[in-house]
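A.B. asks: give me a model of this one.
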Amino acid sequence: MALSKLIATALASLLSFAFTHAGTPQTSETELRILLLGGTQFLGRHIVEQGLERGHHFTLFNRGRSNAELFDGLVDKRVGDRSGDFEALSEGEWDVVIDTSGHFPTAVGELARYLDGRAKQYIYISSVSVYDDLSQQRLGETARLETIKKGQDPDIDNPASYGARKALCERAISSNFSGKVLHIRPGLIVGPYDQMGRVAYWIDRVADGGDILVPRSLEQPLQLIDVRDLSSWILDMAQSKVAGTFNAVGPQYPITLGDFLKTCQPLGLGAVNWTVADENFLLEQGLNFWEDFPLWLPKELEGLFRVDASKAHARGLEHRPLIATAADTLAWLSTDEGQELARKRFPTRAFEQDLLQRWDAQKDAYHAMVE
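C.D. replies: Residues are numbered from 1 along each chain as shown. Below is the predicted model of the structure:
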């Protein structure tokens, strides 16, 4: 990493450190017994790290396949499968269950029923994708939820039914767990350990500078939340024994994709030139929304990045500066883990440059069509 990039990253990381350690230390008067379903990847991993700092006690229930060595000697590890193998959870009582890994309603409901009476609170990490009409902006927690479409099986993995399955998981927990239930609906979660790499791609790409291809528009709305801010707030809600449903997105003011990319520029090596390619051009190249270029959404789904989180903000959800999130993510990307988990998912520079050349050769024709 070049010296200028290192300096910018270090300064932004200081901002993140200052935010994290500002004010009253995040400690708990009561040490909670927390059963975390998952706990070794991304959000769950941060919850454990922060929870241990607060003095909480964790039981992790997972298949023992990912990062199995994490937290050795610090937590109680139970190996099983939420799809039906609950034997490892036959003993124990907890103050709160935190579920970061529930995707299929039948399995989620069965495990909630199995734990009923042995935990006081169930916190389920859902998604803003549960909302039915994502063309609408400022969707609140009472907006209509998506339903399973004809021909879809709610217990089979299918990207097209993701939102409906998460909504059904919420219902399954509320129907099978008699204690306090808290549903948290995040949008894009970003930061260190992010194995999906959607936002990390853009942070890394802007840091490299040069000619950057942007799909459709720099004015596309954007919402995201730093995983550490979300983890901290989840623990706050557990400590306060809160029930209900909350959207959890940020920042507290509206931003666009362009705003975020320009925020990342101080971390970079040099000048950046944004080249916005027409959406029809990209589709005609065989590219798909969201997957082939991270964060690229059709206009009719922009409501996904304009959700109303005022209820969560009133309940104490706070956000560190975007530049701090970007810097810490960039620093993590330079590690072996970051290289392995996130960068392998990125569109390659060669792929992007080929698209830029093709767009440059055809852009006049597309601009003429618009005019």
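A.B. asks: all strands of the protein, in order?
C.D. replies: Per DSSP state E, the chain carries strands over the ranges 33-37, 57-62, 76-79, 94-99, 119-125, 180-186, 188-190, 210-215, 221-222, 224-226, 244-248, 255-256, 272-277.
A.B. asks: hmm, who's touching the fourth one?
C.D. replies: Outside strand 94-99, the residues within contact range by CB atoms under 8 Å, 6 or more residues apart in numbering are 32-38, 44, 47, 59, 108, 115, 118-125, 173, 234, 238. C-beta coordinates here come from the backbone N, C-alpha and C atoms, glycine included.
A.B. asks: give the buried residues for the longest helix seen in the chain.
C.D. replies: When the chain is parsed with DSSP state H, its longest helix is helix 349-370. Buried residues in helix 349-370, counted by 16 or more other CB atoms under 10 Å: 352, 355, 356, 359, 366.
A.B. asks: return the item of those having minimum pLDDT.
C.D. replies: Ranked by pLDDT, the buried residues of helix 349-370 bottom out at residue 366 (81).
A.B. asks: got the contact list for that residue?
C.D. replies: Going by CB under 8 Å, 6+ apart, the list of residues near residue 366 reads 278, 280, 281.
A.B. asks: just send the strands of the chain back as TSV, with distance to residue 163 and mean neighbour count too.
C.D. replies: Shown next, in TSV, are the strands of the chain (distance: least, CB to CB, whole Å; neighbours: other CB atoms under 10 Å):
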stretch	distance to residue 163	mean neighbour count
strand 33-37	20	23
strand 57-62	24	22
strand 76-79	30	16
strand 94-99	17	25
strand 119-125	14	23
strand 180-186	10	23
strand 188-190	14	23
strand 210-215	22	18
strand 221-222	18	22
strand 224-226	18	25
strand 244-248	14	21
strand 255-256	23	16
strand 272-277	28	16
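A.B. asks: tell me which of those strands lies nearest to residue 132.
C.D. replies: Evaluated over these, closeness to residue 132 peaks at strand 180-186, with 13.4 Å, by CB to CB.
A.B. asks: the closest one pairs with which strands?
C.D. replies: strand 119-125 (parallel), strand 244-248 (parallel) (DSSP bridges).
A.B. asks: need the residues that contact the last one.
C.D. replies: I take that to be strand 244-248. 128, 139-141, 170, 182-187, 225, 230, 233, 237, 307-309, 311-312, 315, 317.
A.B. asks: give me the buried subset of the residues you listed.
C.D. replies: Buried members of these, scored by 16+ other CB under 10 Å, are 128, 139, 141, 170, 182-187, 225, 230, 233, 237, 307-309, 312, 315, 317.
A.B. asks: restricted to helices, list those.
C.D. replies: Using DSSP H, 170, 230, 233, 237, 312 are the members of the buried ones among the contacts of strand 244-248 that sit in helices.
A.B. asks: widest-spaced pair of these?
C.D. replies: Pairwise over these, using CB to CB, the maximum falls at 170 and 233, 18.3 Å.
A.B. asks: kindly state the pLDDT recorded for the spatially most central residue of the chain?
C.D. replies: For the chain, residue 189 is the residue whose C-alpha lies nearest the centre (CA atoms, centre = their mean; 2.1 Å). Residue 189 is assigned 97 on the pLDDT scale.
A.B. asks: low-confidence ranges, the protein, go.
C.D. replies: Applying pLDDT under 70 to the chain flags the ranges 1-29, 342-345, 370-371.
A.B. asks: go again with 90.
C.D. replies: For the chain, the stretches flagged by pLDDT under 90 are 1-30, 38-39, 64-68, 83-84, 195-197, 268-271, 290-293, 336-349, 363-371.
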